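*Asks:* Let's see this in three dimensions:
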Amino acid sequence: MENQGRRSWPLWTAAWPGVGGRIRERLEDFEVEEVAAYEPCGQGEHLFLWVEKRGVGSEYLLRAVAQCLGIPVGAVGAAGLKDRYAITRQWLSVPQECAERLGRLEALHAEGIYLLRVARHRNKLKPGHLRGNRFCIFIRGASAAAPWQAILEKIRREGLPNYYGPQRFGREGSTLALGWQCLRGQLRRRLRPFQFRLALSAVQSHLFNDYLARRQEDGLLHTALEGDVMAHWPVGGLFRVEDVAAEQRRLEAREIVPAGPMFGTRTYPAAGVAARREADVLRSYDLTPAVFAGFGQLLSGTRRHNLIYLDDLQAEWEAEGLRLRFTLPAGSYATVLLREVMKNDAVEAVPPDEAEEE
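*Replies:* Numbering: from 1, shown residues only. Purely as a prediction, here's the structure:
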């Protein structure tokens with residue numbers, strides 16, 4: 001049987017029991033609002049549409065808007081694809097010639113799609129044109145007797161390991177299993193391009209999680225290593241650690257964070273001790289860097305923050321449970337935070353991703 005590696009990751013707040021509870025019992029229990037990389041400037045050849053969807057998948061949203069406006073689905077721009085089982089708000093873009101047809105979108109109200117605002121901008125919205133997502137999540141049936149303050153305080157003080165959430169890998173790991181078949185040339189059926197990309201990316205995500213878990217288990221999440229690849233926080237370029245003591249001070253000041261590998265053909269290379277640790281991850285799966293060649297841009301590779309900081313993490317108790325409010329960078333998973341707070345099977349049962357990243 002092929003090596004698919006571990007299926008769970010260490011908790012960051014394992015010293016305390018969670019609050020338990022349930023999520024997503026109602027759509028309004030899970031709200032997500034996109035934090036744009038930039039605001040529309042008010043002029044240009046593109047219309048930016050601030051849209052709310054309720055219980056609607058992202059692919060369906062794009063198709064429905066395109067069909068209503070009489071344009072190809074590829075003409076609808078989006079910075080990121082949002083959760084289906086939630087109330088979400090985000091920007092879409094369409095060509096300016098759609099302006100006189102925007103009234104048609106009222107027909108989508110019956111399907112849970114609402115146009116809230118319109119503005120003009122110079123460019124089409126493209127994947128990645130967002131800073132992050134703002135969440136408001138209600139945990140029903142949570143226990144106020146649990147040490148929830150200690151859990152949240154550790155996360156506020158020390159940050160949160162930036163694991164991929166369980167939905168990234170499909171129900172019972174089905175997307176990941178498919179990805180291993182794709183990577184190793186064992187796939188016996190043709191996949192849609194979207195499925196193929198998602199499956200391969202699940203393997204990259206799994207390898208990153210394994211790398212991050214090893215680092216956490218070795219007590220190295222807040223340690224600069226020789227040859228580490230660092231990223232400026234919250235945004236900025238990459239560089240390799242040469243002066244360990246100097247970069248350790250910057251890491252402790254939250255100026256930089258280690259950036260782990262999304263393995264691929266052009267992943268920014270680590271060196272020294274850090275490079276050997278990354279090579280050990282691949283070796284444990286009987287992989288070499290050469291396995292990522294031949295997939296073009298799909299496995300070009302990148303780097304991902306090992307840690308994220310939640311400066312606006314808030315919690316308040318209501319009659320039926322605990323409400324959390326926080327903002328995550330693009331690509332980070334709310335379910336990773338919920339797993340730390342709840343510590344039960346409810347998080348593991350969330351629906352699989354529709355998109356590569358939230």
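*Asks:* what is the rounded mean pLDDT of stretch 257-273?
*Replies:* The average pLDDT for stretch 257-273 rounds to 98.
*Asks:* Just give me how far that stretch sits from the chain centre.
*Replies:* Distance of stretch 257-273 from its chain centroid, counting by CA atoms, centre = their mean, to the nearest Å, is 19 Å.
*Asks:* for stretch 125-138, same thing?
*Replies:* Distance of stretch 125-138 from the chain centroid (CA atoms, centre = their mean) equals 9 Å.
*Asks:* Next: stretch 118-137.
*Replies:* Averaged C-alpha coordinates place stretch 118-137 at 15 Å from its chain's average position (CA atoms, centre = their mean).
*Asks:* Let's see it as CSV, backbone CA atoms only.
*Replies:* Below are the C-alpha coordinates for stretch 118-137, written out as CSV (Å, rounded to 0.1, in the frame of the first residue of the first chain):
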residue,chain,number,x,y,z
VAL,A,118,-21.9,48.4,-7.7
ALA,A,119,-18.7,50.3,-8.4
ARG,A,120,-16.3,50.8,-11.4
HIS,A,121,-12.7,49.9,-11.6
ARG,A,122,-9.9,49.8,-14.2
ASN,A,123,-9.1,46.0,-14.2
LYS,A,124,-10.9,42.7,-14.0
LEU,A,125,-10.8,41.0,-10.6
LYS,A,126,-8.5,38.0,-10.6
PRO,A,127,-7.7,35.1,-8.2
GLY,A,128,-5.6,36.3,-5.3
HIS,A,129,-6.8,39.9,-5.4
LEU,A,130,-7.7,39.8,-1.7
ARG,A,131,-6.1,40.4,1.6
GLY,A,132,-8.1,37.8,3.5
ASN,A,133,-11.5,36.9,4.9
ARG,A,134,-13.4,38.2,7.9
PHE,A,135,-15.4,35.5,9.8
CYS,A,136,-18.3,35.6,12.2
ILE,A,137,-18.9,32.0,13.5
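*Asks:* list the buried ones in that stretch?
*Replies:* Neighbour counts over stretch 118-137 (16 or more other CB atoms under 10 Å) mark 119-121, 124-125, 129-137 as buried. The way it works is simple: take the backbone N, C-alpha and C, and place the C-beta from them, glycine included.
*Asks:* And for stretch 143-155?
*Replies:* By 16+ other CB under 10 Å, the buried positions in stretch 143-155 come out as 146, 148, 151-152, 154-155.
*Asks:* Show residues contacting that stretch.
*Replies:* Stretch 143-155 has contacts (CB atoms under 8 Å, 6 or more residues apart in numbering) with 12-13, 15-21, 142, 310, 313, 315, 317, 322, 337, 340-341.
*Asks:* one more time with 10 Å
*Replies:* Residues from elsewhere that reach stretch 143-155 (CB atoms under 10 Å, 6 or more residues apart in numbering): 11-13, 15-21, 139, 142, 160-161, 308-310, 313-315, 317, 321-322, 324, 326, 337, 340-343.
*Asks:* Thank you kindly, that will do.
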